[in-house]
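>>> What follows is a predicted structure for the sequence shown.
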Amino acid sequence: MIRILKQIIRTGIVTEELPPEVDAEITETGAKLEEAIKKRFRRSLTIRQVDAGSCNGCELEIHAINNPIYNCERFGIHFTASPRFADMLLVTGPVTRNMEIALHRTYNSTPSPKFVVAVGDCGCSGGIFGESYASIGSVDKVIPVDAYIPGCPPTPAAILNGILKAVGER
């Protein structure tokens, strides 16, 4: 235990801070997002992330918005493991044939009003995988989508802007 503590002290902080322009963009987007969430939900926004067959690049960026650097919880965004408690579904990847039924069930289990956001090029258009024997393609071919976040993978700032777009439209 003491050996590990000494190593932590020797190593110090290894996390890099965001560049000032990105930090300003995140803060501005977050303030707008917090306002829209409070207006629409009068509480926090609960998100269920669904991987419909992606390469996990988008998942890494979604996890990044929940890390201490971006800290989406300060804006009132929380993630849940159950679609029954979710207000929004963040769906990544092209929908594989094996995930089609699971995605339908998740969508049907989410209480109304619900928002669906397709994340990444694969979720928006099928991406490099497109339609094939194993892939249906974009998310909107299976369930209705409220907002699209293009990018391969999209940045955490783009994901927050896409969530803001979905919440602010209705």
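Received the coordinates, thanks. All of these numbers come straight from a predicted model, not from anything done at the bench.
>>> Least confident secondary structure element in this protein?
Sorting the helices and strands of the chain by mean pLDDT, DSSP states H and E puts helix 2-11 at the bottom, at a mean of 82.
>>> could you say what helices and strands that helix packs with?
Using 3 or more C-beta pairs under 8 Å, 6 or more residues apart in numbering; DSSP states H and E as the contact test, no helix or strand touches helix 2-11. In short, each C-beta sits where N, CA and C put it, glycine included.
>>> right, and the helix or strand after that helix?
Going down the chain from helix 2-11, the next helix or strand is helix 20-41, by DSSP states H and E.
>>> Ser125 contacts Ser138, doesn't it?
Yes - taking C-beta atoms under 8 Å as the definition, Ser125 is a contact partner of Ser138 at 5.2 Å.
>>> More neighbours: those two, which one.
Of the pair Ser125 and Ser138, Ser138 is the one with more neighbours under other C-beta atoms under 10 Å, namely 24 against 18.
>>> what's in contact with the helix or strand hosting Ile159?
Taking DSSP H and E as the definition, Ile159 sits inside helix 156-169. Around helix 156-169, the neighbours that count as contacts under C-beta atoms under 8 Å, 6 or more residues apart in numbering are 22, 25-26, 29-30, 32-33, 36-37, 40, 45, 47, 61-62, 64-65, 70, 72, 75, 77, 88, 90, 115-117, 119, 146-151, 154.
>>> Take the residues you listed and, keeping just the buried ones, write it as a ChimeraX select command.
In ChimeraX syntax, the buried subset of these is picked out as below (16 or more other C-beta atoms under 10 Å):
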select :25,26,29,30,32,33,36,37,45,47,61,62,65,70,72,75,77,88,90,115,116,117,119,146,147,148,149,151,154
